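*Asks:* Sequence first, predicted model second:
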Amino acid sequence: MKEKEFSEIVQEKREYLDETFRDSVATISKQGTRNYIFPKKPNGRFYNWRTLTSIIYLAVFFTLPFIKVNEEPLFLFNVIQRKFIFFGQIFWPQDFFIFAIGLLTFIVFVILFTVVFGRVFCGWACPQTIFMEMVFRKIEYWLDGDAHQQKKLKELPWNAYKIRKRATKMAVFYFISFIIANFFLAYIIGMDSVLAMVHEGISANLATFISLLGFASVFFFVYYWFREQVCIVVCPYGRLQGVLLDKKSIIVAYDYVRGEPRGKLTKDYTIAEDKGDCIDCHACVRVCPTGIDIRNGTQLECVNCTACIDACDDIMEKINKPLGLIRYESEENIAHSKKSKINWRLAGYSFVLTLLLGFLVVLLLTRDDVDARILRTAGQMYQSLPDGRISNLYNIKLINKTRKDIPVSLKLENMDGEITVVTKNLVVPAESYFQTPFFVKIARPLITKRKTPIVLGVFQGNKKIETINTTFLGPGY
Ligand code: SF4
Ligand code: SF4
């Protein structure tokens, strides 16, 4: 096909789409009321993959609070007491710079990831989507049936059957919300504390129990009623898509070049020659949990859940057309009828994303359990000792970021000398600061300058945990 002819076709199809384009949110009616969505139960290879992914995801979510490393939880986000543990490493307010760098790296990661892979996170890893689509929605299908049965139930007058159905669903949803709230609490105060409270009973922990009920009620509200509105009107990440995506980003997209103009299947299950592959069956719309028609192009409501891909693939299979009329694809490739493949852009961005992830991991893993600061005591000059040595007074400040006491020792590393700590035992108590003065004594002939650089090693057993460079004052001749 000549380039001119191709661009004319694209233009025609764009005009066709413009005519059918909407400028309102799918879940709000013209009267301003909520359009409640009843998506049909999805089915297909992407749905199966997402189910498998979510099983792994949920297993990790509910298992992590039980995992400990060196008697510490693997993860803890205690915002109340400002204690944070990532991968078993305790972070203190002093580690703020790691948080800041980590956060910046994470933001850059999210931006780059979205530029390349669109909203893959929303569909496959966001807790809201996982819990909504893979836990609560599945339970809803199980209790109330598929979309048409749910619609029927909604339209029924309030009778014993409907009350029983609704009460069962509410009870099950609230129970699961309560369990989720407990696990979120475990991520904040630790599973040991949660289990201890359970053991002590409600009366001994009334305030915590009331807070738990509050959080469970929020989860219940979100999953029972608010649902897709979280993604559409609350989530800041969703709102940012308009500025993060470009025409090369990979998104769930409808191939309008192949699909338009839409036509109906004929009686003998064929499509008229002048029509595209879309038979306007609305299967893709019926499964959409945010109530949109992906054929209108990328929309802010689309959480890339892939349900419409499965629905359309099923139709394409039935009418003997190639799969992928709706697929993961970039706008650019759709317009030029190309398929996504690994290119320099994808490889380059993925490389940078891997580097950023690596940087985050290194930041986390190279953080010290003990921080040491050594300063020469202010206002103190050197002292000449009767045995001919010179002595300087220093102050060491140690921060123990672990939950166990750590005995430490000091060594002079770059010359011979003696260190005398004023405190008998240099033990830093768990999760505490500790400071003590100490003397460094060096033989007079070794001190030839007014300020001699010295290197002090801080050791935990035989393991060096910090090297500190400072200066040693002497007479200077
Ligand atoms: S348009 Fe498709 S991918 Fe997007 S939310 Fe709807 S069903 Fe999911
Ligand atoms: S499921 Fe496929 S064929 Fe049916 S309306 Fe959607 S895009 Fe067209």
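*Replies:* Okay, I see it. Ligands and ions are numbered 1, 2, ... in the order given.
*Asks:* Around ligand 2, which positions in the stretch 201-350 of the chain sit nearby?
*Replies:* Within the stretch 201-350 of the chain, the positions adjacent to ligand 2 are 254, 259, 278-284, 295, 311-312, 315, 325-326 by CB under 6 Å from any ligand atom. C-beta coordinates here come from the backbone N, C-alpha and C atoms, glycine included.
*Asks:* Restricted to helices, list these.
*Replies:* When DSSP state H is applied, these are split such that Gly259, Ala283, Cys284, Ala311, Cys312, Ile315 fall in helices.
*Asks:* pretty sure the fifth one is touching His282, no?
*Replies:* No: in this structure, Cys312 is not within contact of His282 by CB atoms under 8 Å, at 10.4 Å.
*Asks:* Comparing the two, which shows the higher neighbour count?
*Replies:* Cys312 (29 against 13; other CB atoms under 10 Å).
*Asks:* Now do that one, the pLDDT please.
*Replies:* Cys312 carries a pLDDT value of 97.
*Asks:* what does the chain put close to ligand 1?
*Replies:* So the chain meets ligand 1 at 252, 287-290, 292, 294, 302-308 (CB under 6 Å from any ligand atom).
*Asks:* Including distance to Val421, neighbour count and pLDDT, could these go into TSV?
*Replies:* Shown next, in TSV, are the residues of the chain next to ligand 1 (distance: CB to CB, whole Å; neighbours: other CB atoms under 10 Å; pLDDT from 0 to 100):
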residue	distance to Val421	neighbour count	pLDDT
Val252	65	24	95
Val287	70	24	96
Cys288	69	24	96
Pro289	65	23	95
Thr290	65	22	93
Ile292	69	24	91
Ile294	70	22	93
Cys302	64	26	92
Val303	60	29	93
Asn304	60	23	94
Cys305	62	29	95
Thr306	63	24	96
Ala307	67	30	96
Cys308	69	29	97
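*Asks:* Need those residues in a markdown table (columns: secondary structure).
*Replies:* A markdown table is the format used below for the residues of the chain next to ligand 1 (DSSP: H, G, I helix; E, B strand; the rest coil):
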| residue | secondary structure |
| --- | --- |
| Val252 | strand |
| Val287 | coil |
| Cys288 | coil |
| Pro289 | coil |
| Thr290 | coil |
| Ile292 | coil |
| Ile294 | helix |
| Cys302 | coil |
| Val303 | coil |
| Asn304 | coil |
| Cys305 | coil |
| Thr306 | coil |
| Ala307 | helix |
| Cys308 | helix |
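*Asks:* Go through those residues and say which is closest to Lys41.
*Replies:* Val287 (7.7 Å; CB to CB).
*Asks:* Surely that closest one touches Asp313?
*Replies:* No: counting by CB under 8 Å, Val287 stays clear of Asp313, with 11.4 Å between them.
*Asks:* any idea how far Ile67 is from ligand 2?
*Replies:* 43 Å (CB to the nearest ligand atom, to the nearest Å).
*Asks:* and the residue of the stretch 301-450 of the chain nearest ligand 2?
*Replies:* Cys312 (3.4 Å; CB to the nearest ligand atom).
*Asks:* The closest residue in space to Ser350 that isn't next to it in sequence: neighbouring residues, count only.
*Replies:* Closest residue to Ser350 apart from its sequence neighbours, by CB to CB, 6 or more residues apart in numbering: Val116 at 7.2 Å. Number of residues near Val116 (other CB under 10 Å) recorded here: 21.
*Asks:* top of the ones in helices among the residues of the stretch 201-350 of the chain next to ligand 2 by neighbour count?
*Replies:* Ranked by the number of neighbours (other CB under 10 Å), those place Cys312 first, at 29 neighbours.
*Asks:* so what's the closest residue in space to that one that isn't next to it in sequence scoring on pLDDT?
*Replies:* Of all residues not flanking Cys312 in the chain, Ile326 sits nearest, at 4.3 Å (CB to CB, 6+ apart). In this model, Ile326 is scored at 96, pLDDT.
*Asks:* I'd say Ile326 and Val287 touch.
*Replies:* No: with contact defined as CB under 8 Å, Ile326 and Val287 do not form a contacting pair (10.7 Å).
*Asks:* now the stretch 51-200 of the chain, which segments are flagged as low pLDDT?
*Replies:* Scanning the stretch 51-200 of the chain for pLDDT under 70 picks out the ranges 94.
*Asks:* give me every residue that touches the residue most central in space within the chain.
*Replies:* With distances taken as CA atoms, centre = their mean, the residue of the chain nearest its centroid is Cys126 (7.2 Å). Neighbouring residues of Cys126 by CB atoms under 8 Å, 6 or more residues apart in numbering: Val303.
*Asks:* any residues in contact with both of Ile326 and Val287?
*Replies:* Counting by CB under 8 Å, 6+ apart, the residues touching both Ile326 and Val287 are Cys308.
*Asks:* Let's see the pLDDT reported for Gln31.
*Replies:* 83.
*Asks:* I'd like to know which elements the longest helix along the chain is packed against.
*Replies:* For the chain, the helix that runs over the most residues, judged by DSSP H, is helix 160-189. Helix 160-189 is packed against strand 76-78, helix 137-144, helix 191-200, helix 206-221, with contacts defined by 3 or more CB pairs under 8 Å, 6 or more residues apart in numbering; DSSP states H and E.
*Asks:* Could you check that helix and say which residues are buried?
*Replies:* Burial within helix 160-189, assessed by neighbour count using 16 or more other CB atoms under 10 Å, is assigned to 165, 169, 173-174, 176-178, 180-182, 184-189.
*Asks:* Then stretch 436-445?
*Replies:* So stretch 436-445, judged by 16+ other CB under 10 Å, has buried residues Thr436, Phe438, Phe439, Val440, Lys441, Ile442.
*Asks:* Roughly how far does whichever residue of the stretch 351-477 of the chain sits closest to ligand 1 sit from Pro236?
*Replies:* Closest residue of the stretch 351-477 of the chain to ligand 1, CB to the nearest ligand atom: Leu353 (22.6 Å). According to CB to CB, to the nearest Å, Leu353 stands 21 Å off from Pro236.
*Asks:* higher neighbour count, those two?
*Replies:* More crowded of Leu353 and Pro236, by other CB under 10 Å: Leu353, with 17 against 6.
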